[in-house]
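A.B. asks: how would this look folded up:
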Amino acid sequence: MNSEAQVKRILILTANPKGTNKLRLDEEARDIQEGLRRAKERDRFEIQSVWAVRSRDIRRALLDFKPHIVHFSGHGAADAGLAFENELGQVHLIASEALAGLFKLFASHVECVVLNACYSDIQASAIVEHIDFVVGMNQAIGDKAAIEFSIGFYDALMAGFGVEVAYEFGCNAIHLAGIQEHLTPMLQKKDNCIPMDRGDANPKHPSPEKGSVTRTITIQSPSKIVYEFVLSGNINEFDKQRLEAIVAHLQQITGDVNLTLLRVEDGSVKLIFEGSEEGFKRIQELIEEGRLTEILGAQIQAVQEQQPLRTAEYRRSLILDPIPSSTSNSVLCCYVNGTSQIQIARITNVQNWYFERVVFPGQRLIFEAVPEAILEIHTGTMASAILSDTIPCTDLSLTAVDELDKYSSDQLARPFIEEERSI
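C.D. replies: Predicted structure coming up:
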């Protein structure tokens, strides 16, 4: 075996996204490097650090460096995943299954993974199916304890000890520092996929010291709002592929992976989205700074928030024009475009009222009409649509208002791409 083959390569990945507790990740990496400089076995180890890691950076670093040991320092969010960064430096959570799938591809040379983040034993349990040794934390861990574990673990590893003994040194380093979190790190082994027995069947796991910075983030469900983009151009220029590309682009720049296109309206071109309030504020900031003036070639004319989807009364007003005020009764209707073509829905037989909407394939249209109204269905683009059907609105009536409440907001204006993409 040549000397190069004996070198153990250690890859350190760090992430401290915007809006999360500031961690001393630079100190941790520096102390690991210092341990290497003073180690007798220093010629047998090589360390590479990557900062502010995004999902693609993990893959690229693993491909380029081909490490034997991978060390992640940052925040954990329990079942939600480990916190990496997106293109804007904000939190991007990567789930256990995705991480396990990635490490499966590198199982031929990765021997050990250390996840120095809160509650990361959840991800460790998934990764250990493919990697011999994985260290995770069984609860929140303070920043000081995390650093002490790293120093003790790598000091022992670079002194020639194996992973299992190095792990014990890491736990003891926390204890020696007077921090009562030495039972938080857990080593899992591939041969039995369970944590190593540390001699206590019911160990107590003290929480991090009061006031200490921990390596965890709390995930809260973001509040949803509805907002519209008004773009220059003709609705006929916005086919399904272009609309999908616009959604993907906005998801990327806002960091809002759940951003949903509810519907498209004619006029200029109005794209109605449902997404997080944080994502909407990010769009406003980019526009105010002059950094977002167009989307895939379409000039942005306006961006504004709409009323939240909260009540049945408002949901009914989403995609309909007010019926004549002189009307004493009305029917609530639902039409579904079950074809693969864009349709134009019109009502033209009611005096002093004209109703027209674009209905994309698979989209539901909920609207209010007078009993004598006839819904005309035109197939094709606005300029060349052909009348293909006429339907009495009474045939499309929902029997009661309560029936409307069975539909969620996304069902009332179903994204036209729902069958083909899942976020």
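A.B. asks: residue ranges in the stretch 1-150 of the chain under the pLDDT threshold?
C.D. replies: For the stretch 1-150 of the chain, applying pLDDT under 70 flags the ranges 1-5.
A.B. asks: ok, which stretches of the stretch 201-350 of the chain are helices?
C.D. replies: Under the criterion DSSP state H, counting those that start in this stretch, the stretch 201-350 of the chain contains helices at 240-254, 277-288, 312-317.
A.B. asks: mind putting the ones you listed into TSV with distance to Tyr227, mean neighbour count and mean pLDDT?
C.D. replies: Every C-beta, even on glycine, is put in place using the N, C-alpha and C of the backbone. Shown next, in TSV, are the helices of the stretch 201-350 of the chain (distance: least, Cβ to Cβ, whole Å; neighbours: other Cβ atoms under 10 Å; pLDDT from 0 to 100):
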stretch	distance to Tyr227	mean neighbour count	mean pLDDT
helix 240-254	11	16	81
helix 277-288	5	16	85
helix 312-317	15	15	40
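A.B. asks: okay, buried residues for stretch 26-46 please.
C.D. replies: Residues of stretch 26-46 classed as buried: Glu28, Ala29, Asp31, Ile32, Gly35, Leu36, Ala39, Phe45, Glu46 (neighbour count, 16 or more other Cβ atoms under 10 Å).
A.B. asks: contact partners for the second one?
C.D. replies: If a contact means Cβ atoms under 8 Å, 6 or more residues apart in numbering, then Ala29 has Ile12, Thr14, Ser49, Ser73 as its contacts.
A.B. asks: which residues are in contact with the helix or strand that contains the first one?
C.D. replies: Secondary structure from DSSP states H and E places Ile12 in strand 8-14. Contacts of strand 8-14 from elsewhere in the structure, counted by Cβ under 8 Å, 6+ apart, are 25, 28-29, 32, 44-53, 57-58, 61-62, 65-74, 154.
A.B. asks: now list the buried members of these.
C.D. replies: By 16+ other Cβ under 10 Å, those give 25, 28-29, 32, 45-47, 49-50, 53, 57-58, 61-62, 65, 67-74, 154 as buried.
A.B. asks: what about the residues you listed, which are in helices?
C.D. replies: In helices, judged by DSSP state H, the following of the buried ones among the contacts of strand 8-14 are found: Leu25, Glu28, Ala29, Ile32, Asp57, Ile58, Ala61, Leu62, Phe65, Tyr154.
A.B. asks: got the phi and psi for the closest residue to the second one other than its chain neighbours?
C.D. replies: Nearest residue to Glu28, sequence neighbours excluded (Cβ to Cβ, 6 or more residues apart in numbering): Ile147, at 4.8 Å. Ile147 has phi and psi values of phi -70, psi -40 when expressed as degrees, to the nearest 10.
A.B. asks: mind listing what Ile147 touches?
C.D. replies: Contacts of Ile147 were listed using Cβ under 8 Å, 6+ apart, and they are Arg24, Glu27, Glu28, Asp31.
A.B. asks: from those residues, pick the one nearest Ala166.
C.D. replies: Asp31 (14.8 Å; Cβ to Cβ).
A.B. asks: what's the residue nearest the centre of the chain sitting at in phi/psi?
C.D. replies: The residue lying closest to the centre of the chain (Cα atoms, centre = their mean) is Val257, at 4.8 Å. Note on Val257: backbone dihedrals following degrees, to the nearest 10 are phi -70, psi -10.
A.B. asks: okay, it and Tyr227: tell me how far apart.
C.D. replies: Distance, Val257 to Tyr227, using Cβ to Cβ, to the nearest Å: 17 Å.
A.B. asks: how about Glu181?
C.D. replies: 44 Å.
A.B. asks: for the ones in helices among the buried ones among the contacts of strand 8-14, which two are the farthest from each other?
C.D. replies: Farthest apart among these by Cβ to Cβ are Asp57 and Tyr154. That separation is 21.7 Å.
A.B. asks: hang on, the earlier thing: compare Glu181 and Tyr227 (neighbour count), which wins?
C.D. replies: Between Glu181 and Tyr227, Glu181 has the larger neighbour count (other Cβ atoms under 10 Å), namely 27 against 18.
A.B. asks: pretty sure that one is touching Ile141, no?
C.D. replies: Yes: with contact defined as Cβ atoms under 8 Å, Glu181 counts as touching Ile141 (5.9 Å).
A.B. asks: can you pull the contacts of the residue nearest to Ile295 when sequence neighbours are not counted?
C.D. replies: Distances taken as Cβ to Cβ, 6+ apart place Ile246 nearest to Ile295, at 5.4 Å, with adjacent residues excluded. The contact partners of Ile246, taken as Cβ under 8 Å, 6+ apart, are Phe238, Leu261, Leu271, Ile295, Leu296, Ala298.
A.B. asks: now those: which count as buried?
C.D. replies: Buried among the contacts of Ile246 by 16+ other Cβ under 10 Å: Phe238, Leu261, Leu271, Ile295, Ala298.
A.B. asks: low-confidence ranges in the stretch 201-350 of the chain?
C.D. replies: Scanning the stretch 201-350 of the chain for pLDDT under 70 picks out 201-213, 215-223, 266-268, 307-328.
A.B. asks: mind running it again at 80?
C.D. replies: Within the stretch 201-350 of the chain, the segments meeting pLDDT under 80 span 201-224, 234-236, 239-241, 252, 254-258, 262-268, 274, 306-328, 340-342.
A.B. asks: how is this protein divided into domains?
C.D. replies: Under the assignment automatic domain parsing, the domains of the chain span 3-189, 224-308, 313-412.
A.B. asks: closest one to Thr214 among those?
C.D. replies: Per Cβ to Cβ, nearest to Thr214 of those: domain 3-189, 4.5 Å.
A.B. asks: can you list contacts of stretch 97-114?
C.D. replies: Residues outside stretch 97-114 that contact it (Cβ under 8 Å, 6+ apart): 58-59, 62, 66-72, 81-82, 123-124, 126-127, 129-135, 150, 153, 163.
A.B. asks: and with 6 Å instead?
C.D. replies: With contact meaning Cβ atoms under 6 Å, 6 or more residues apart in numbering, stretch 97-114 is reached by 62, 66, 68-71, 123, 126-127, 130-135, 163.
A.B. asks: how far does that stretch sit from the chain's center?
C.D. replies: Centroid separation between stretch 97-114 and its chain, computed with Cα atoms, centre = their mean, to the nearest Å, is 21 Å.
A.B. asks: CA atoms only: put that stretch into CSV for me.
C.D. replies: Extracted in CSV, the C-alpha atoms of stretch 97-114 (Å, rounded to 0.1, in the frame of the first residue of the first chain):
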residue,chain,number,x,y,z
GLU,A,97,-33.7,10.3,3.2
ALA,A,98,-32.0,12.7,0.8
LEU,A,99,-28.8,12.7,2.8
ALA,A,100,-28.8,8.9,3.2
GLY,A,101,-29.3,8.6,-0.6
LEU,A,102,-26.3,10.8,-1.2
PHE,A,103,-24.0,9.0,1.1
LYS,A,104,-25.1,5.7,-0.4
LEU,A,105,-23.4,6.8,-3.6
PHE,A,106,-20.2,7.4,-1.7
ALA,A,107,-20.2,4.4,0.5
SER,A,108,-17.2,2.9,-1.2
HIS,A,109,-14.8,5.3,0.5
VAL,A,110,-16.6,7.3,3.2
GLU,A,111,-16.0,5.5,6.5
CYS,A,112,-17.4,7.8,9.0
VAL,A,113,-19.8,10.8,9.2
VAL,A,114,-20.0,13.2,12.1
